[in-house]
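Undergrad: Any chance you can model this:
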Amino acid sequence: MRWKESLIALPIGVASGLLVVMLGLQLLVSYQGCVADLSLVFGAIAGGCVLVFGTKRGNAAVLSVLILFQFLFFVVAYSPIPRLLVEGLKRDDVTQVSADAVYVFASSIYENGQLSDIALARLLRALEVVQSGQAKTLVLSELPAPTPRYETAARALIEKTGMKPIELQTVGPVGNSYDEALEVAKIGKQLGWRKLVVVTSELHSRRACGVIEKQGFEVICAPALETRFDLSALANTRDRLLAFSGALYERLGTWVYARRGWL
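TA: The predicted model follows:
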């Protein structure tokens, strides 16, 4: 009976969904990461049941999908592919040339107002640029409500560390990197800016700096250190899986942005 066959699809669907999450492939569904991991597991279960009920060879099809994801998992976890994917994504313009402002790409902030590790790393790198005298104005992007404000967390950090008050401006709310480039261009052209130091994460740096350059600015790319894994080594399975999902996301994002004329 079909319902008995669907019981076979259930664990296979769960395993497939979990493998998708472990590979970070959910990032490819949305550039905002709004698809919850758990929804992919349920989606895989539903897809498996549909195949079982809809085709005579449903169980074979579902099992083939699982085998495919297992194969991809082991290739990513135990091969040089993640290293090959990340090559060329990082852009670091090592220079101390003065700029009009330093711009920080948006990142997630927790509901309690605390910065995520990525947001904190980006902010610290930007403050380092300001303290060096390379740029005097700090520009932050705000995400849509109900996300707490980046500005509030930044000012609190500056006060706690005893840094001198700095000129701080915000843009947004923004939804993606292209939105950010448009917002920065708007304020930059109003204030007569020509050169910007751009701070974001290492894997995001080439696309992020390119999309702002497209708006007519001279860009100095100053990526923050990657906090989730050791990008220089990728010595363990966890690091390779995280690097794979991040690099695949950036590769696809670069292709999409280029196709749309944003780079």
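Undergrad: Tell me where the stretch 101-250 of the chain has strands.
TA: Counting by DSSP state E, counting those that start in this stretch, residue ranges of the strands within the stretch 101-250 of the chain are 101-104, 137-141, 167-171, 195-199, 218-221.
Undergrad: Flag the shaky bits of the protein, pLDDT-wise.
TA: Counting by pLDDT under 70, the chain shows low-confidence ranges at 1-63, 65-66.
Undergrad: For the strands of the stretch 101-250 of the chain, give me JSON lines that also has distance to residue 75 and mean neighbour count.
TA: Backbone N, C-alpha and C define where each C-beta goes, glycine included. Rendered in JSON lines, the data for the strands of the stretch 101-250 of the chain read as follows (distance: least, C-beta to C-beta, whole Å; neighbours: other C-beta atoms under 10 Å):
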{"stretch": "strand 101-104", "distance to residue 75": "35", "mean neighbour count": "27"}
{"stretch": "strand 137-141", "distance to residue 75": "36", "mean neighbour count": "23"}
{"stretch": "strand 167-171", "distance to residue 75": "41", "mean neighbour count": "15"}
{"stretch": "strand 195-199", "distance to residue 75": "33", "mean neighbour count": "26"}
{"stretch": "strand 218-221", "distance to residue 75": "31", "mean neighbour count": "20"}
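Undergrad: In a markdown table, list the ones you listed along with distance to residue 236.
TA: Output for the strands of the stretch 101-250 of the chain, formatted as a markdown table (distance: least, C-beta to C-beta, whole Å):
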| stretch | distance to residue 236 |
| --- | --- |
| strand 101-104 | 30 |
| strand 137-141 | 32 |
| strand 167-171 | 38 |
| strand 195-199 | 27 |
| strand 218-221 | 28 |
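Undergrad: wait, which of these is closest to residue 92?
TA: Evaluated with C-beta to C-beta, the strands of the stretch 101-250 of the chain place strand 218-221 nearest to residue 92, the distance being 6.2 Å.
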